[in-house]
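>>> sequence first, predicted model second:
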Amino acid sequence: MNKVTVVPGDGIGPEVVGSACAIIKASGAKVEFEEVLVGLRAEKEFGTALPVSVLESIERNKLALKGPTQTPFGGNYRINIERVKNGEEMRGDYPSIAIALRKELQLYVNVRPIKNYPGVASRYENVDLVIFRENSEDLYVGNERMIDDNTAEAIKIITRGATERTARYGFEYLKRTGRKKMTIGHKANVMKLTDGLFLKTGQDVAGDFPDIACDSRVIDALCMELVIKPESFDGLLLANLFGDIVSDLAAGLVGGLGVAPGANIGKSCAMFEAVHGSAPDIAGKDIANPMAVILSGVLMLRHIGEIAAADRIDAALTQVLAEKKHVTRDLGGTAGTKAFTAAIIAKL
Ligand code: NAI
Ligand code: MG
C-alpha cells in the first residue's frame, strides 16, 4: 500500500484536491492518504505556512499530491524553514511555499504534459507536448534586494549540474515514452553566460541521446511558434522562469489552466500538482475545474505503477468530457466541481 501525503492548500485547493482523492479512492488504486495542513490555514493554526512536519511526512511517504498555495504579491513575505535532518541543522529561506517544497525536497524537475482532450474546446488540435522545467534555480532562487529606494536587483543562477539533471531526465523521459524531439528554449543572445550555459549543457546532454532530435529557440520566438503551430513541438527544455511562463501559455493552447497537470520529481520524492494557482476569485463556490489535479493524480498513479487504476480514471474522465453533460463552466458546461467529480466516479 502506497501512502500519499495530501496537501489541500489554499483557495480552490481543498475542492479540487478533494475531488482528485475521491476519484483515486474510487478507482481501486492501492493508496492511503495522509492529509496535512499547509498555507493560510496552517499559518493561523501553527504560526507557519509550511510546518516542518509536512516536509517530514512527504520525505517519509516519498509521494505527495498538492493543491495550490497562495503567495502574496510584493512585500517581504518569506517562508523560513529551520530543521534538523540526518543530524544536521538546516535553514532555508524561500519566496513561496511551492518553491520551499521543491527546494527542501530536492524536486529538481517539473514535468508538465500538455495535450488536447476530446470534448475540451481549444483553438488547436493534435497538441501533445511535454515541458521539462528546471525547478531549483534561475531567478527563482529568490535572491533579491533593494539597492536603494528606487532600484531593485535579482540574481539569476544557472548551474551545469542542475541543468544537466533536468535535461537528462527530460531526454530519458522522451526516449521511454517514444517521443522524438527536444527543443531547448533560452535567451542566450542576451544572457550570454547564464542562458548560454543552459543551452550548451542541454546540447551536451542531447549528444548522449542520438535517437532524439534536438533543436533550440530563443524564448520569445518559441512563444510565437507555440501559438502558431503548437502541434510541431514534442519536448521543451526550459529554465525555471521561462518554464513557469510557457507552462501557462501551453495550458492555454489546450483549454486553459483547469486542464494542465504537473509532476515535481526528485531523486527520492515526487510531488504532483496542477500548473494553476489557488484561483481566489472562484474559491469556495463549487465551480473550479478539478481536472488538472485529477490528471496530476493520474501521473502519480503511473509513477508508482498503479497503471490499471490510472487508465481507468483517464478513460472515465475522457468519457465525461466527451459527453459534455457534466463538465465545469471553464469547459463550457454548467456542472459544479462536485457534480463533475460524481460523474467521473460513476464511470469508473
Ligand atoms: P491562478 O492560476 O490561481 O488563476 C488564474 C486564472 O485561472 C483565474 O481567473 C482562475 O479563476 C483561473 N483558474 C485557475 N485554476 C482554475 C481551475 N482549476 N478551474 C477554473 N479556473 C481556474 O493564478 P493567479 O491568480 O495568478 O494566482 C493566485 C494565487 O495562486 C497566487 O497567490 C499565486 O502565488 C498562487 N499560485 C500557486 C501555485 C502553486 O502553489 N503551485 C502556482 C501558481 C500560482
Ligand atoms: Mg506558474
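Thanks, I have the structure now. Keep in mind it's a predicted model, so treat the numbers as computed, not measured. Ligands and ions are numbered 1, 2, ... in the order given.
>>> in the stretch 101-250 of the chain, which spans are strands?
109-115, 128-134, 144-148, 151-154, 181-186, 213-218, 235-238 (DSSP state E, counting those that start in this stretch).
>>> distance between the fifth one and the chain's centre?
Here the centre of mass of C-alpha atoms in strand 181-186, compared against the chain's by CA atoms, centre = their mean, to the nearest Å, lies 18 Å away.
>>> flag every residue of the stretch 51-200 of the chain that's near ligand 1.
With CB under 6 Å from any ligand atom as the criterion, the stretch 51-200 of the chain comes near ligand 1 at residues 68-71, 98. Glycine gets a C-beta too; all of them are placed from N, C-alpha and C.
>>> want to try CSV for the strands of the stretch 101-250 of the chain, with mean pLDDT and mean neighbour count as columns?
As requested, those are exported to CSV (pLDDT from 0 to 100; neighbours: other CB atoms under 10 Å):
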stretch, mean pLDDT, mean neighbour count
strand 109-115, 96, 23
strand 128-134, 98, 24
strand 144-148, 95, 9
strand 151-154, 97, 10
strand 181-186, 98, 24
strand 213-218, 98, 16
strand 235-238, 98, 28
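>>> nearest to Gly297, of these?
strand 109-115 (13.4 Å; CB to CB).
>>> pull up the pairing partners for the closest one, direction included.
Under the criterion DSSP bridges, strand 109-115 sits next to strand 128-134 (antiparallel), strand 263-265 (antiparallel) in its sheet.
>>> about what we covered before: among the residues of the stretch 51-200 of the chain next to ligand 1, which are in helices?
Members of those lying in helices (criterion: DSSP state H): Ala98.
>>> could you turn the buried ones of the residues of the stretch 51-200 of the chain next to ligand 1 into a ChimeraX selection?
Burial among those is assessed by 16 or more other CB atoms under 10 Å; the matching ChimeraX selection reads:
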select :68,69,70,71,98
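>>> pick out the residue in the protein sitting closest to ligand 1.
In the chain, no residue comes nearer to ligand 1 than Gly277, which is 2.4 Å away by CB to the nearest ligand atom.
>>> so that residue sits against Gly9, correct?
No: using CB atoms under 8 Å as the test, Gly277 is too far from Gly9 to be in contact (9.4 Å).
>>> quick one, helices of the stretch 201-348 of the chain?
219-228, 240-253, 291-303, 307-323, 337-347 (DSSP state H, counting those that start in this stretch).
>>> sorry, back to before: Gly277 and Gly9: which is more packed in?
Gly9 (28 against 19; other CB atoms under 10 Å).
>>> so who does the more buried one touch?
Applying CB atoms under 8 Å, 6 or more residues apart in numbering to Gly9 gives the contacts 17, 38-39, 66-70, 278.
>>> nearest residue to the most centrally placed residue in the chain other than its sequence neighbours?
Nearest to the geometric centre of the chain sits Gly262, at 3.4 Å (CA atoms, centre = their mean). Distance criterion CB to CB, 6 or more residues apart in numbering; nearest residue to Gly262, sequence neighbours excluded, is Arg112 at 4.5 Å.
>>> ok, back up a step: winner for burial among the helices of the stretch 201-348 of the chain?
Greatest average neighbour count among the helices of the stretch 201-348 of the chain goes to helix 291-303 (a mean of 25), per mean count of other CB atoms under 10 Å.
>>> strand 109-115 and that one, what's the angle between them?
120 degrees (axes from the mean of the first three to the mean of the last three CA atoms, to 10 degrees).
>>> what sits up against helix 291-303?
4, 16-17, 19-21, 23-24, 27, 29, 31, 63, 65, 67, 111, 113, 257-263, 270, 272-276, 307, 309-310, 313-314, 317, 321, 328, 331, 340, 344.
>>> which of those residues are buried? Put it as a PyMOL command.
A single PyMOL command selects the buried members of the contacts of helix 291-303 (16+ other CB under 10 Å):
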select buried, resi 4+16+17+19+20+21+23+24+27+29+31+63+65+67+111+113+257+258+259+260+261+262+263+270+272+273+274+275+276+309+310+313+314+317+321+328+331+340+344
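>>> check contacts around the nearest residue to Gly119 once chain neighbours are set aside.
Of all residues not flanking Gly119 in the chain, Leu321 sits nearest, at 3.7 Å (CB to CB, 6+ apart). Residues in contact with Leu321 (CB under 8 Å, 6+ apart) are 117-120, 291, 327, 331.
>>> same thing but at 10 Å, please
For Leu321, the contact set (CB atoms under 10 Å, 6 or more residues apart in numbering) comprises 117-120, 255, 259, 291, 327, 331, 333, 340, 343-344.
>>> widest-spaced pair of those?
Spanning the widest gap among the contacts of Leu321 are Gly255 and Ala343, at 17.5 Å by CB to CB.
>>> now the two most distant members of the contacts of Gly9.
Val17 and Gln70 (14.2 Å).
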